[in-house]
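K.L.:
any chance you could fold what I've pasted below:
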Amino acid sequence: MSVFDLHSSVVRDYRRYVQSFLSIADDRIRQFVETKLLQENVFWPDALLQLNPSYQLAQSVDDLAAAGTLAPATAKIFRTPAGSPIQLYQHQCDAISRASKKQSYVVTSGTGSGKSLTYFIPIFDAILRGNTQDHKVWAIVIYPMNALVNSQFESLTALGEAYQARTGQPMPVRFEKYTGQEDEATKIRIQQERPHILLTNFMMLEMMLLRPQESAFVDKTTS
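P.N.:
As a prediction, this is how the structure comes out:
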């Protein structure tokens, strides 16, 4: 079924639903109501058509690794489910290039444009170029709500599981989520075994700046 057929079907069913409540004896009033329902569509708007332009494809993570922008180990992590190198959009390549030069940037592309990769690929790359055995926090990623923290944690977990399935090795980059949803035992473990990447929210970040037992997250962070 096409989207236009679906729209027509929904409108038709809703019209029948509305008409099932109507029992108008006066011919003029009934004609007026039917005109409004059948011809003028006062209860439902016309279909909204909106263009969603695609983003320009550029290089793959393997291409960036060959050019020296990314470490080969980074390219081995960011693969498709089939194991092929992720093909990046131009704005992603531009952001990664700026990050490799230690330049600041802000990404304002739309939903589904891969904004997360513009930050996580450079973060992973910096960690992999350093000492992955060092138990210190390299990046604190702050979200406005826990739902986004959980969603990103699931995405990174899936990335790690896919990497281990391909290579037989655990993901070399460690990450944890640190919000009010974690129990005390989990928080103590994370404090003692600090991950490379900490996913949290702005309220928990404020607590890290105030509570001594969490100050190590901030003190040990490198950019």
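
K.L.:
can we go C-alpha only for contacts and neighbour counts from here?
P.N.:
Fine.

K.L.:
could you chop the protein up by domain?
P.N.:
Domain ranges of the chain: 3-38, 54-130, 131-223, per automatic domain parsing.

K.L.:
can you say which of these is nearest to Leu48?
P.N.:
Closest approach to Leu48 among the domains of the chain (C-alpha to C-alpha): domain 3-38, 10.3 Å.

K.L.:
buried set for that closest one?
P.N.:
Applying a neighbour-count criterion of 16 or more other C-alpha atoms under 10 Å, one finds 11, 15, 33, 37 buried in domain 3-38.

K.L.:
host element of the second one?
P.N.:
Yep, that's Arg15 we're talking about. Per DSSP states H and E, Arg15 falls inside helix 3-19.

K.L.:
and that helix, average pLDDT?
P.N.:
Mean pLDDT, helix 3-19: 83.

K.L.:
and for that helix, what's in contact with it?
P.N.:
Here helix 3-19 makes contact (C-alpha atoms under 8 Å, 6 or more residues apart in numbering) with 37, 44, 47.

K.L.:
the last one: neighbouring residues, count only.
P.N.:
Residues lying near Ala47 (other C-alpha atoms under 10 Å) number 10.

K.L.:
and the second one, by the same measure?
P.N.:
With neighbours defined by other C-alpha under 10 Å, the count for Trp44 comes to 11.

K.L.:
and it, that one's in a helix?
P.N.:
No - applying DSSP: H, G, I helix; E, B strand; the rest coil, one finds Trp44 to be coil, outside a helix.

K.L.:
now it. Nearest residue, chain neighbours left out?
P.N.:
Nearest residue to Trp44, sequence neighbours excluded (C-alpha to C-alpha, 6 or more residues apart in numbering): Val11, at 7.5 Å.

K.L.:
what's the separation between that neighbour and Gln50?
P.N.:
19 Å (C-alpha to C-alpha, to the nearest Å).

K.L.:
do the same with Thr108
P.N.:
For Thr108, the distance to Gln50 - C-alpha to C-alpha - is 19 Å.

K.L.:
ok, now Ser97?
P.N.:
To Gln50, Ser97 is 32 Å away according to C-alpha to C-alpha.

K.L.:
equivalent analysis for Leu117, please.
P.N.:
With the distance defined as C-alpha to C-alpha, Leu117 ends up 26 Å from Gln50.

K.L.:
what of Phe4?
P.N.:
Plainly put, Phe4 is 13 Å away from Gln50 if you go by C-alpha to C-alpha.

K.L.:
and for Ile127?
P.N.:
Distance check for Ile127 against Gln50: by C-alpha to C-alpha, it reads 41 Å.

K.L.:
neighbour count winner among those two?
P.N.:
Ranked by neighbour count (other C-alpha under 10 Å), Ile127 and Gln50 place Ile127 first, with 23 against 6.

K.L.:
nearest residue to Leu205 in space, please, no chain neighbours.
P.N.:
Nearest to Leu205 is Ile142, by C-alpha to C-alpha, 6+ apart, at 7.8 Å.
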